[in-house]
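Q: For reference, the sequence and a predicted model appear below.
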Amino acid sequence: MSNVNAPVSTIGRQPAISLHALGVICGLAAGVWLGTAEAPTKLVMTGISPFVITLGMVSGVFVARWTVPVLMKGSGFVLRDLSEKPHLIVWALLAGMLWVVANTLTVFAIRDVGLSIAFPLWNTNSLAGLFWGWLLFNELRGSGAKSWAKVFGGAAALVIGATILAYATTHTTADASGRALTGVLAALGAGALWGTQYIPYRKAYISGANPLSFVTVIAVGELLTTLVLGIVFCGGIRPLVHGLAAARTVLFWLFLGGICWVFGDLFQQYAAKYIGIGRGIPLSNTNQLWGLAWGALVFGELAGAGVFAKGLVIAGSVVMIAGAAAISTSTAPVSEMKSWRQAMLRECNRYGMDPEQVAAAAQGDGPHARQTHRRRWWEMLFVMAALTGLVWLGVIAQRPSIAASTHWMVALVLAALICLVAGGALLWRRTRFS
């Protein structure tokens, strides 16, 4: 039986890029789009309820999580993949619930300490992801001392960097109400929840799931949880509806942020699939660079900070990035891949799956990966309805009353689009989005 990280089967040629390299690229592309997606949450500074902001963003997430898979692979592929692994539906719903709670906490964190500071703090999810990957999915089992040193040295750097940035909040946050501590705790809580959310991710991909089908079910858990939180904490359905109506002129930006998040999360899903959560998640956490860029360059968050405070932010970010880089450069050796294989076989035995098919799917070459799936007429209607809704929100949208640099905003958006096209092309050529 083939190794779970062996090259994809090809006809008459060797693959142009290894799965490890593909996973690294996906992780970095995820960082770009996850960072870009958080920019619209700055709208919390205009007085909009965090729960309204989350609902607006999750609406975009829900639509994109269904539209993108339909465009890429077709609904027939999505339904077939889910029907072959029905046990993953519950795990996908759980992942969606955890994401919503974590995302809501990030809105509070941005409100209280700002985007530049909150980002690196909630990216401590790397620590939780490393722990769960080792404990539950045999990541790093069988690795040599060099791999362990890179991973745990990187983890220590992440903690040190987060501590520096938490201290920096007392110098960069002009919050007279003393909410800096609340913001720090909200960001760290989001990191813990997101780190736990990666358990369903990894469970799905050692079961041979396709990211494009798995995320459609995640979307259901996200939307339902968001509605429940909004109704409970806004005081009922009517206040929530009134809040949405009052924010209608900015819903476009939140909806767009949700779409950006889906692009980032899809890249993150592929990274988790091909190099594991212990390595893939730190790479996607380079979104702190993009969060820092949006916060500092576009929104001018550090404009009033002193030299010492700016130095702390830069130093903390550099330390955390170095930690993530150390972890991500730890390539899984053959001995560790055997441990991954054991985790995969455990799932196959538990749920009655074919080990050969699951192993092939883990390599991006599952039984349906390169098949052409018949498109249904209503799929394009669904896509057109989603685009119509986005255009309508754009027509009624108004520019938020937040100071922002248009030049820097355009530059960052262009960089994100380049990463999307390049990363998507590599995924298609190497795995056909499998």
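A: That came through, no problem.
Q: To which secondary structure element is the residue positioned nearest the centre of the chain assigned?
A: The centre of the chain sits closest to Asp265, judged by CA atoms, centre = their mean, with a distance of 3.5 Å. Using DSSP states H and E, Asp265 sits within helix 251-275.
Q: With Leu289 instead?
A: Taking DSSP H and E as the definition, Leu289 sits inside helix 287-293.
Q: Mind giving me the packing neighbours of that helix?
A: helix 19-37, helix 115-122, helix 307-328, helix 406-431 (3 or more CB pairs under 8 Å, 6 or more residues apart in numbering; DSSP states H and E). C-betas here are computed from N, CA, C, even on glycine.
Q: For it, C-alpha coordinates in PDB please.
A: The C-alpha trace of helix 287-293 is given here as PDB (Å, rounded to 0.1, in the frame of the first residue of the first chain):
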ATOM      1  CA  ASN A 287      -1.800  36.100   8.300                       C
ATOM      2  CA  GLN A 288      -0.500  38.200  11.100                       C
ATOM      3  CA  LEU A 289       1.800  39.900   8.600                       C
ATOM      4  CA  TRP A 290      -1.200  40.800   6.500                       C
ATOM      5  CA  GLY A 291      -3.300  41.800   9.600                       C
ATOM      6  CA  LEU A 292      -0.400  44.100  10.600                       C
ATOM      7  CA  ALA A 293      -0.200  45.500   7.100                       C
END
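Q: average pLDDT across that helix?
A: Mean pLDDT, helix 287-293: 79.
Q: Need the pLDDT of Ile281.
A: On the pLDDT scale, Ile281 is placed at 87.
Q: which residues touch it?
A: Taking CB atoms under 8 Å, 6 or more residues apart in numbering, we find Ile281 in contact with Gly27, Asn125, Ser126, Gly129, Leu130, Gly195, Tyr198, Gln268, Ala271, Ala272.
Q: Return the members of those classed as buried.
A: Buried subset of these (neighbour count, 16 or more other CB atoms under 10 Å): Gly27, Asn125, Ser126, Gly129, Leu130, Gly195, Tyr198, Gln268, Ala271, Ala272.
Q: Three-state assignment for the third one, please.
A: Of the three states, Ser126 takes helix according to DSSP: H, G, I helix; E, B strand; the rest coil.
Q: Tell me where the stretch 51-200 of the chain is predicted with low confidence.
A: 115-116, 165-166, 168-178 (pLDDT under 70).
Q: sorry, back to before: want to throw the contacts of Ile281 into TSV with distance to Arg279?
A: Below are the contacts of Ile281 laid out as TSV (distance: CB to CB, whole Å):
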residue	distance to Arg279
Gly27	8
Asn125	14
Ser126	10
Gly129	9
Leu130	9
Gly195	14
Tyr198	12
Gln268	12
Ala271	8
Ala272	9
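Q: follow-up on the earlier one: not counting the helix holding Leu289 itself, show me its contacts.
A: Taking CB under 8 Å, 6+ apart as the rule, helix 287-293 contacts 30-36, 38, 115-116, 118-120, 123, 264, 313, 317, 320-321, 408, 412, 416.
Q: Tell me what angle whatever helix or strand comes next after the helix holding Asp265 forms with helix 251-275.
A: On the C-terminal side of helix 251-275, the closest following helix or strand by DSSP H and E is helix 277-284. Angle, helix 277-284 to helix 251-275, by axes from the mean of the first three to the mean of the last three CA atoms, to 10 degrees: 140 degrees.
Q: Could you export helix 277-284 as PDB, CA atoms only?
A: C-alpha atoms of helix 277-284 as PDB (Å, rounded to 0.1, in the frame of the first residue of the first chain):
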ATOM      1  CA  ILE A 277      -2.100  20.800  11.200                       C
ATOM      2  CA  GLY A 278       1.100  21.000  13.200                       C
ATOM      3  CA  ARG A 279       2.900  22.400  10.100                       C
ATOM      4  CA  GLY A 280       0.100  23.800   8.000                       C
ATOM      5  CA  ILE A 281      -1.500  26.000  10.600                       C
ATOM      6  CA  PRO A 282       1.700  27.900  11.600                       C
ATOM      7  CA  LEU A 283       2.100  28.700   7.900                       C
ATOM      8  CA  SER A 284      -1.400  30.000   7.600                       C
END
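Q: sorry, back to before: now the helices and strands packed on helix 287-293 in JSON lines, with distance to Val395?
A: Formatted as JSON lines, the helices and strands packed on helix 287-293 follow (distance: least, CB to CB, whole Å):
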{"stretch": "helix 19-37", "distance to Val395": "22"}
{"stretch": "helix 115-122", "distance to Val395": "28"}
{"stretch": "helix 307-328", "distance to Val395": "38"}
{"stretch": "helix 406-431", "distance to Val395": "20"}
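Q: so of these, which one's packed in deepest?
A: helix 115-122 (a mean of 28; mean count of other CB atoms under 10 Å).
Q: First-to-last residue distance for stretch 129-146?
A: End-to-end span of stretch 129-146 (CA to CA, to the nearest Å): 20 Å.
Q: Show me what counts as buried in that stretch.
A: With burial defined by 16+ other CB under 10 Å, the residues of stretch 129-146 counted as buried are 129-134, 137-143.
Q: Could you dump those into a markdown table and include secondary structure and distance to Val228?
A: A markdown table is the format used below for the buried residues of stretch 129-146 (DSSP: H, G, I helix; E, B strand; the rest coil; distance: CB to CB, whole Å):
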| residue | secondary structure | distance to Val228 |
| --- | --- | --- |
| Gly129 | helix | 26 |
| Leu130 | helix | 31 |
| Phe131 | helix | 29 |
| Trp132 | helix | 25 |
| Gly133 | helix | 30 |
| Trp134 | helix | 33 |
| Phe137 | helix | 30 |
| Asn138 | coil | 35 |
| Glu139 | coil | 33 |
| Leu140 | coil | 37 |
| Arg141 | coil | 38 |
| Gly142 | coil | 42 |
| Ser143 | coil | 41 |
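Q: Please identify which pair of these lies farthest apart.
A: Gly129 and Gly142 (19.0 Å; CB to CB).
Q: what residue ranges in the stretch 301-434 of the chain are flagged as low confidence?
A: Along the stretch 301-434 of the chain, the model assigns pLDDT under 70 to residues 366-373.
Q: picking that back up, of all the helices and strands packed on helix 287-293, which lies closest to Met384?
A: For the helices and strands packed on helix 287-293, proximity to Met384 was assessed by CB to CB; helix 406-431 is nearest, at 21.4 Å.
Q: helices and strands around that closest one, which ones?
A: Packed against helix 406-431 by the contact rule (3+ CB pairs under 8 Å, 6+ apart) you find helix 19-37, helix 251-275, helix 287-293.
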